[in-house]
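Engineer: need a structure here:
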Amino acid sequence: MRSISLVALAVVVSLIACPGWTTQAESAEAEPSPVGVVGEVPPRPELEAVSGAHGWVVNGEEISLDAVRDRALAFHGPYVLQDMVAETLLKQEARRRNVTVPDEDVLEKIKELREELGIRSDVTFQSFLRAQRATPDWFYSKARSYVLMGKVLSDQVYVDDREIDRYYRLNQEAYRRQEMVGFRAMRFLDKASAEAALAAVRQGRSFQDVAKETAPTAAEKAVAGDLQYYERDQRSLPPEFEAALFAVPLNQVAGPVEVRGSHYLIRVEKKIDPHQFRLDEIRDVIRKQLQRQKLEQVVWPNWIREQLEKARIEIMSEKADEADSAGTGTDKADAPKADEADSAETGADNADVPKADEAEAAETGTDKADAPKAE
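Structural biologist: Numbering: from 1, shown residues only. From the prediction side, this is the model:
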């Protein structure tokens, strides 16, 4: 049986979140790579305004909302339906247990997920959603379902200290942090612009201010010059950028550094030595990791499989409507039309009702055929 994808949001987070261990403050300030931005074609505003729309006209040709629904149903119908069934069963169980999810819990989960993804600005968040072919409403809905899943099934998720100890022993290398730097960067499309910005910084202007003023795109402007953290050999940056990054003296600006056709200025503000985290430092971190793994990979799949087996799921169809009609002893063909029903109530038939022209003729004593034509 195909696994229900209610935890799709968590899977996305686990796939995208950068590896490496930092302190809590450092994690909160992590940001996506400043280089290698993938080109994207964002949808026009008219195509995002789905609510209340009946269709769209493209160079004179209509695309109806029904056509969009049919395409979505044909491409994604079974999987969307599967998700909706799973969420319905979860909500039913929550009502049975009197479990609710306040909006503040959902917003806190969204904040937590954005931090895990290294997303601080709304512009970057919108870019992330477009890359996932998702909408803010989808993200909010998944966050709410995830919080609800945790509350409903939390009594089935337990991690003891022996599990944590064993996990740490087997994965100790994963909790070793290599040398790290905290840095700021700005990108330029040509070397001359980079050199002009470097001169401005050396004359006393704020690195961050210059970065935001000169950012080549709106998405970069929102985060340009922000403090980021990078661990050696993390491999999410090009080798030439990483080499320059660890060669920059503390609190100095280096560049322009050419990387894949762009030119960068780099300022290093923190240097953090390698560190092997002890178990007592990260016990709570590992506990949360294992709890989430059990919830997503064991408890939820087992629970929803059991609920699906017990659930009464029926297909609603037109035949069912016909059966209802048969049960009442009436058929659509036999049902009186609106005009006939009105006639039945008044005791008259449409055939007996004089037409407007006949009524006028009766009053005037003339017939349309006898009326003189206009000369």
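Engineer: How much space separates the residue nearest to His275 when sequence neighbours are not counted from Asp226?
Structural biologist: The spatial neighbour of His275 that comes closest, neighbours along the chain excluded (Cβ to Cβ, 6 or more residues apart in numbering), is Arg177 at 4.8 Å. All C-beta spots, glycine's among them, are computed from the backbone N, C-alpha and C. Distance, Arg177 to Asp226, using Cβ to Cβ, to the nearest Å: 21 Å.
Engineer: Phe183 now?
Structural biologist: For Phe183, the distance to Asp226 - Cβ to Cβ - is 10 Å.
Engineer: So between these two, which is more surrounded?
Structural biologist: Phe183 (20 against 16; other Cβ atoms under 10 Å).
Engineer: Please settle this for me: is that one part of a strand?
Structural biologist: Yes. Assigned with DSSP: H, G, I helix; E, B strand; the rest coil, Phe183 falls within a strand.
Engineer: Quick one: neighbours of Arg71, just the number.
Structural biologist: Counted with other Cβ under 10 Å, Arg71 comes out at 11.
Engineer: Let me know the helix or strand that it is in.
Structural biologist: If you go by DSSP states H and E, Arg71 is part of helix 65-97.
Engineer: Alpha carbons of the next helix or strand after that helix, as PDB, please.
Structural biologist: Downstream of helix 65-97, the first helix or strand assigned by DSSP H and E is helix 103-116. Presented in PDB, the C-alpha positions along helix 103-116 are these (Å, rounded to 0.1, in the frame of the first residue of the first chain):
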ATOM      1  CA  ASP A 103      -3.300  28.900  15.600                       C
ATOM      2  CA  GLU A 104      -0.300  30.000  17.700                       C
ATOM      3  CA  ASP A 105       0.900  26.400  17.800                       C
ATOM      4  CA  VAL A 106       0.800  26.200  14.000                       C
ATOM      5  CA  LEU A 107       2.600  29.500  13.600                       C
ATOM      6  CA  GLU A 108       5.300  28.300  16.000                       C
ATOM      7  CA  LYS A 109       5.700  25.100  14.000                       C
ATOM      8  CA  ILE A 110       6.000  27.200  10.800                       C
ATOM      9  CA  LYS A 111       8.700  29.400  12.400                       C
ATOM     10  CA  GLU A 112      10.500  26.200  13.600                       C
ATOM     11  CA  LEU A 113      10.400  24.700  10.100                       C
ATOM     12  CA  ARG A 114      11.600  27.900   8.500                       C
ATOM     13  CA  GLU A 115      14.500  28.000  10.800                       C
ATOM     14  CA  GLU A 116      15.400  24.400  10.000                       C
END
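Engineer: what packs against helix 103-116?
Structural biologist: helix 8-16, helix 136-153 (3 or more Cβ pairs under 8 Å, 6 or more residues apart in numbering; DSSP states H and E).
Engineer: Out of those, which gets the lowest mean score?
Structural biologist: Mean pLDDT per stretch puts helix 8-16 lowest among the helices and strands packed on helix 103-116, at a mean of 39.
Engineer: how near is the closest residue to Asn251 other than its chain neighbours to Gly204?
Structural biologist: Using Cβ to Cβ, 6+ apart and skipping residues adjacent in sequence, the residue nearest Asn251 is Glu269, 6.3 Å away. Using Cβ to Cβ, Glu269 is found at 17 Å from Gly204.
Engineer: Looking at the protein, which strand is longest?
Structural biologist: Determined from DSSP state E, the single longest strand within the chain is strand 262-272.
Engineer: Parallel or antiparallel, which strands does whichever helix or strand comes after it pair with?
Structural biologist: Next in sequence after strand 262-272, counting helices and strands by DSSP H and E, comes strand 275-276. With DSSP bridges as the test, strand 275-276 is paired with strand 176-177 (antiparallel).
Engineer: what is the rounded mean pLDDT of the strand it pairs with?
Structural biologist: On average, strand 176-177 scores 90.
Engineer: Quick check, pLDDT for Asp321.
Structural biologist: 56.
Engineer: please renumber so the chain begins at 50
Structural biologist: Yes, from this point I'll number from 50; that puts the last item at Asp370.
Engineer: In space, what's closest to the most centrally placed residue in the chain - neighbours in sequence excluded?
Structural biologist: Against the mean C-alpha coordinate of the chain, by Cα atoms, centre = their mean, the closest residue is Phe188 at 3.4 Å. Computed as Cβ to Cβ, 6+ apart, the closest residue to Phe188 that is not its neighbour in sequence is Leu178, at 6.4 Å.
Engineer: I'd guess the one you found is in a helix, am I close?
Structural biologist: Yes. Counting by three-state DSSP, Leu178 falls inside a helix.
Engineer: Count residues in the vicinity of the nearest residue to Tyr224 once chain neighbours are set aside, would you?
Structural biologist: With sequence-adjacent residues excluded and distances taken as Cβ to Cβ, 6+ apart, Tyr224 is closest to Phe326, at 4.3 Å. Residues lying near Phe326 (other Cβ under 10 Å) number 16.
Engineer: Phe326 and Phe295: what is the separation?
Structural biologist: Taking Cβ to Cβ, one finds Phe326 at 21 Å from Phe295.
Engineer: Now the residue nearest to Tyr224: phi and psi?
Structural biologist: Torsion angles at Phe326 (phi, psi; degrees, to the nearest 10) stand at phi -70, psi 130.
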